[in-house]
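In: Model the following, please.
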Amino acid sequence: MCCNAHQSQGYYSTSSGKNQGGICMKKYKYEVSYRASLGRGSDGKYHYKRFTGHSNTSEQKALEDAKRQAERWKATHDIPNQDAGMRLSEAYKGYISMKEHILSPSTIRGYEQLRRNNLQKLMPMRIADITQQDVQRAINEEAQTHSPKSLRNMHGLLAAVLKMYRPDLVLHTTLPLRMPPELHIPDNSEIEQLLSYLKDTKPELFKAVLLAAFGSLRRSEIAALTSDDIDGSIVHVHKAMVPDKTHHYIIKEKTKSEAGVRDVTLPNEVIAYLFPADGSHRIVCMTPHKITKNFRIALERAEIPHFRFHDLRHYQASILHALGVPDKYIMERGGWKTDSTLKNIYQHTMSDKRKSVEDQICNYFSDTFKEL
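Out: Below is the predicted model:
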């Protein structure tokens, strides 16, 4: 739906009052044209009707007037809609099918899981019968057992499906506030302890940790890396190993995002450890799942406090930030499209760096106090 607003230059005919041949000529300052969606008709095409609202106060008031006209009109007319009898579960299937070759396999797999497992009270309903109240109740019920992030994923997919098959329903659902994640960014001593443990005992995982901590590569990027992707001290990151909708790993010839395609320069000492001694093609012969599993076990055996493999990327970002490297370069090296992740990382700076900064602050104010 859309609207076009402009100051009215003409007159608006009304049915009240008599003037100039039975027409009441009233001039309005604002006139808004509003196109309302009537859904998809039996011909398979989406149909729209335009309404014009007026106000002497503001464009917003004129728009509200046009919307009221549209709602009154739709309430008194039988609008043929090809999708009106479709169940929400069928709409989900149709939406996912139309996106199957556009979105990543892991995204499609996630959509299928949401369709099967969540908002189950809404799934049997006809999409024409679903109201904002129904959606709010369903989200409220899911909130008892799911995190705010999961709820936003559920609602985001639902809104996208309804926008495709029921464009007249615009959701304004109240969702829980986002909870900032509790990150543990490993410090230098933990990284050194981990690498010392892995170097002679777990060579494949050792290489994976090097690539994540020093090169900011993701698990999927590490698992897809081959010797052809390394040119001197430069690692070309341009593909990823991801599970498809049947949970089988495939190599996707592009990374998580456009920003993920990048070249990362590593020290020659690190590069020397990456090439397989047996001449095999892959740099790290592990799947992303196996990297996660083995990493968790390695932390336990090395007696290091638990943190995620992904936090190794955050470790590198924190180090670069402490070295005064501009955020733009940190984002490019890590394959981040926006700086939101970096800001979150900076709020959870490494404990040893935080203590050093706090000591500097205390010493400064202590010296100031002594001079009083």
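In: Could you count how many residues lie near Pro105?
Out: Pro105: 18 surrounding residues under other Cβ atoms under 10 Å. Glycine gets a C-beta too; all of them are placed from N, C-alpha and C.
In: so how far is Leu63 from it?
Out: Taking Cβ to Cβ, to the nearest Å as the measure, Pro105 falls 42 Å from Leu63.
In: before we move on, what about Lys93?
Out: For Lys93, the distance to Leu63 (Cβ to Cβ) stands at 35 Å.
In: With Ala212 instead?
Out: Summarising the geometry, the distance separating Ala212 from Leu63, computed by Cβ to Cβ, is 51 Å.
In: So the two - more neighbours on which side?
Out: Set Ala212 next to Leu63 and count neighbours by other Cβ under 10 Å: Ala212 wins out with 24 against 19.
In: Check the chain and tell me which residue is nearest its centre.
Out: The chain has Asn153 as the residue nearest its centroid, 8.4 Å off, counting by Cα atoms, centre = their mean.
In: That one in helix, strand or coil?
Out: Under DSSP: H, G, I helix; E, B strand; the rest coil, the three-state class of Asn153 is helix.
In: Which pLDDT value does the model give Met1?
Out: At Met1, the predicted lDDT confidence score is 44.
In: where does the stretch 251-372 of the chain dip in pLDDT?
Out: When the per-residue scores of the stretch 251-372 of the chain are filtered using pLDDT under 70, the ranges that remain are 255-259, 276-280, 345-358, 361, 364-372.
In: got the residue ranges for the strands in it?
Out: Using DSSP state E, counting those that start in this stretch, the strands of the stretch 251-372 of the chain run over residues 262-265.
In: Let me see the ranges of the helices in it.
Out: If you assign secondary structure with DSSP state H, counting those that start in this stretch, the helices in the stretch 251-372 of the chain sit at 268-274, 288-301, 311-322, 327-334, 340-346, 351-370.
In: Relative to Leu194, tell me which of these wins on proximity.
Out: When the helices of the stretch 251-372 of the chain are compared by Cβ to Cβ, helix 288-301 sits nearest Leu194, at 7.1 Å.
In: Just want the angle from the closest one to helix 311-322.
Out: Counting by axes from the mean of the first three to the mean of the last three Cα atoms, to 10 degrees, helix 288-301 points 80 degrees away from the direction of helix 311-322.
In: Buried ones in helix 288-301, by neighbour count?
Out: For helix 288-301, a neighbour-count test (16 or more other Cβ atoms under 10 Å) marks Pro288, Lys290, Ile291, Asn294, Phe295, Ala298, Leu299 as buried.
In: give the contact list for the last one.
Out: Leu299 makes contact with Leu194, Pro305, His306, Phe307, according to Cβ atoms under 8 Å, 6 or more residues apart in numbering.
In: same thing but at 10 Å, please
Out: Going by Cβ atoms under 10 Å, 6 or more residues apart in numbering, Leu299 touches Pro186, Glu190, Gln193, Leu194, Tyr197, Pro305, His306, Phe307, Arg308, Phe309.
In: what pLDDT does the fourth one get?
Out: I take that to be Leu194. Here, the pLDDT recorded for Leu194 equals 95.
In: picking up where we left off before, compile the helices of the stretch 251-372 of the chain into JSON lines and extend it with columns for distance to Arg72.
Out: As requested, the helices of the stretch 251-372 of the chain are exported to JSON lines (distance: least, Cβ to Cβ, whole Å):
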{"stretch": "helix 268-274", "distance to Arg72": "69"}
{"stretch": "helix 288-301", "distance to Arg72": "55"}
{"stretch": "helix 311-322", "distance to Arg72": "54"}
{"stretch": "helix 327-334", "distance to Arg72": "51"}
{"stretch": "helix 340-346", "distance to Arg72": "43"}
{"stretch": "helix 351-370", "distance to Arg72": "60"}
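In: Cool, thanks, talk later.
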